[in-house]
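test case, fold it:
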Amino acid sequence: MQSHPSLASAWPISDATVIPRVGVAVFVINEKGHVLVGKRTGCHGAGTLALPGGHLELHESFQDCAARQVYQETGLILEPPHTLAQSQLLSPSPLPTQTHLQPQSPSQPILSSTASTPSPVANASTPLSTNTIPPTPLQFLTAQNSVRMKDHGEKGEGKHYVTIFMKASVRSDPCQPLAQPRIMQPNKCLGWFWIPVKYLREAADRQHQLQLLQHAAASEGRSLPVSIDKLLEAESLAQALQDADDPDPSVLIRAPTMSASLLNRTRRPSSSALQNNDASGYAMSAHEAVAWAEADDFARGAPLFQPLVNLLIDHPTLQVV
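Numbering: from 1, shown residues only. Got it, this is the predicted structure:
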């Protein structure tokens, strides 16, 4: 195939509007079975809620990239993989990237900024603390091809990304049983929050429905009066007001440590978000109700990063936790 030197000279090879890029995103799971999302800023996907992750570097495995990116962005260390991929055994990473497989002193600092530095995956021999759910070792989940992705106001054909989705629990630490992410890169993330997977599925479904509406309007030569971001924010507010006026008695189970204001503002899962629950029905507990209300407070109508939406819509039965 003939190359196009004019394109190569005009744009850097890392430009995702010219050549597909590979990103790695990680479902980081805490002791409650919730996953970590952050508010992106100052980069591709600014203004959206996204999983920790970033670009795959040259000669880097999916596992090393996932562990590196999660540590760089959150300071969290992931459960190590049970086994390495057979292909990695044939072409192993350089020795410096394998140091995460060796015993490590708890006081030893973990520094990881490039693919050639140690990946912060904890050693499998480290003692485990008691979790409410079994730990999930770092593992490949699926891949998602997202074409023509555009940030808000972006013109042109958009970006093309292949996103490698991984999942792993936060490494257990008896001294800190509750996983606490940090904002390691404030120029790229405004904050982190633990969110129920069902919440993400419903958010993806609502966003997808609005995108279908936007696409239908565009096919008729029309446009929506406001952006999808504003529609999501308005929908979230309307749902909160509706639930405040007509609360679900099954949700409002008062617990001594729970905030009444949060319970009264809880948005209940939609039927589409619960399509994969047991046939016996789904009853949200008081703890789940608070988790959903707090997730609403954090999101404030912000849309999900498009590759995450694509994943949750295309794979409604995917087992994340």
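
now the phi/psi pair for Asn30, please.
Phi and psi for Asn30, reported as degrees, to the nearest 10, are phi -100, psi -170.

ok, it - contacts?
36, 169-170, 178-179, 194 (C-beta atoms under 8 Å, 6 or more residues apart in numbering). All C-beta atoms are positioned from the backbone trio N, CA, C, and that covers glycine.

domain assignment for this structure?
19-195, 197-321 (automatic domain parsing).

among the ones you listed, which gets the worst mean confidence?
When the domains of the chain are compared by mean pLDDT, domain 197-321 comes last with a mean of 73.

could you count how many residues lie near Ile195?
By other C-beta atoms under 10 Å, the residues close to Ile195 number 21.

now swap in Leu178 and tell me
Leu178 has 10 neighbouring residues, counting by other C-beta under 10 Å.

how about Ser227?
15.

same question for Val18.
17.

check what pLDDT it gets.
If you check Val18, the pLDDT there is 80.

need the contact list for the closest residue to Lys159 other than its chain neighbours.
The spatially closest residue to Lys159, leaving aside those adjacent along the chain, is Ala16, at 3.9 Å (C-beta to C-beta, 6 or more residues apart in numbering). Residues near Ala16 by C-beta under 8 Å, 6+ apart: 44, 159-161.

name the SS class of Arg68, please.
Per DSSP: H, G, I helix; E, B strand; the rest coil, the secondary structure class of Arg68 is helix.

next: Glu288.
Glu288 is classified as helix under three-state DSSP.

do a quick rundown of the strands in this protein.
Listed in chain order, the strands of the chain (DSSP state E) span residues 21-29, 35-40, 49-50, 53-55, 139-149, 159-169, 189-195.

can you spell out which helices and strands pack onto the third one?
Looking back up the chat, that one is strand 49-50. strand 35-40 (3 or more C-beta pairs under 8 Å, 6 or more residues apart in numbering; DSSP states H and E).

can you give me the buried ones in the longest helix belonging to the chain?
Among the segments of the chain that qualify as a helix by DSSP state H, the longest is helix 197-219. The neighbour-count check on helix 197-219 (16 or more other C-beta atoms under 10 Å) flags 197-208, 210, 214 as buried.

before we move on, what about stretch 176-184?
Residues 179, 181, 183-184 are the ones in stretch 176-184 that count as buried (16+ other C-beta under 10 Å).

and what of stretch 15-25?
Applying 16+ other C-beta under 10 Å to stretch 15-25 flags 16, 18, 21-25 as buried.

before we move on, what about stretch 136-145?
136-139, 141, 144.

hang on, the earlier thing: tabulate the buried residues of helix 197-219 (a markdown table), appending distance to Met149.
Below are these laid out as a markdown table (distance: C-beta to C-beta, whole Å):
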| residue | distance to Met149 |
| --- | --- |
| Val197 | 23 |
| Lys198 | 25 |
| Tyr199 | 23 |
| Leu200 | 18 |
| Arg201 | 20 |
| Glu202 | 22 |
| Ala203 | 17 |
| Ala204 | 15 |
| Asp205 | 19 |
| Arg206 | 19 |
| Gln207 | 13 |
| His208 | 14 |
| Leu210 | 16 |
| Gln214 | 14 |
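
Ala85: which of the residues you listed is nearest?
Of all these, the one with the least separation from Ala85 (C-beta to C-beta) is Val197, at 25.4 Å.

ok, that closest one touching Val321?
Yes: here Val197 lies in contact with Val321, judged by C-beta atoms under 8 Å, at a distance of 5.6 Å.

what's the overlap in contacts for the two?
In contact with both Val197 and Val321: 33, 35, using C-beta under 8 Å, 6+ apart.

what sits against Leu231?
For Leu231, the contacting residues are 210, 224, by C-beta under 8 Å, 6+ apart.

and it, how far is that from Val147?
Distance, Leu231 to Val147, using C-beta to C-beta, to the nearest Å: 23 Å.

again with Leu318
20 Å.

and these two? Which one has more around it.
Leu318 (16 against 12).

which residue is the nearest non-sequential neighbour of the more buried one?
Leu318 sits nearest to Thr142 (C-beta to C-beta, 6+ apart), 6.6 Å away.

shouldn't that neighbour be in contact with His315?
Yes: contact criterion C-beta under 8 Å: Thr142 and His315 qualify, at 6.4 Å.

contacting residues around Glu233?
So Glu233 contacts 300-302 (C-beta under 8 Å, 6+ apart).

rerun at 6 Å
The neighbourhood of Glu233, defined by C-beta atoms under 6 Å, 6 or more residues apart in numbering, consists of Gly301.

and what of His34?
So His34 contacts 194-196 (C-beta under 6 Å, 6+ apart).
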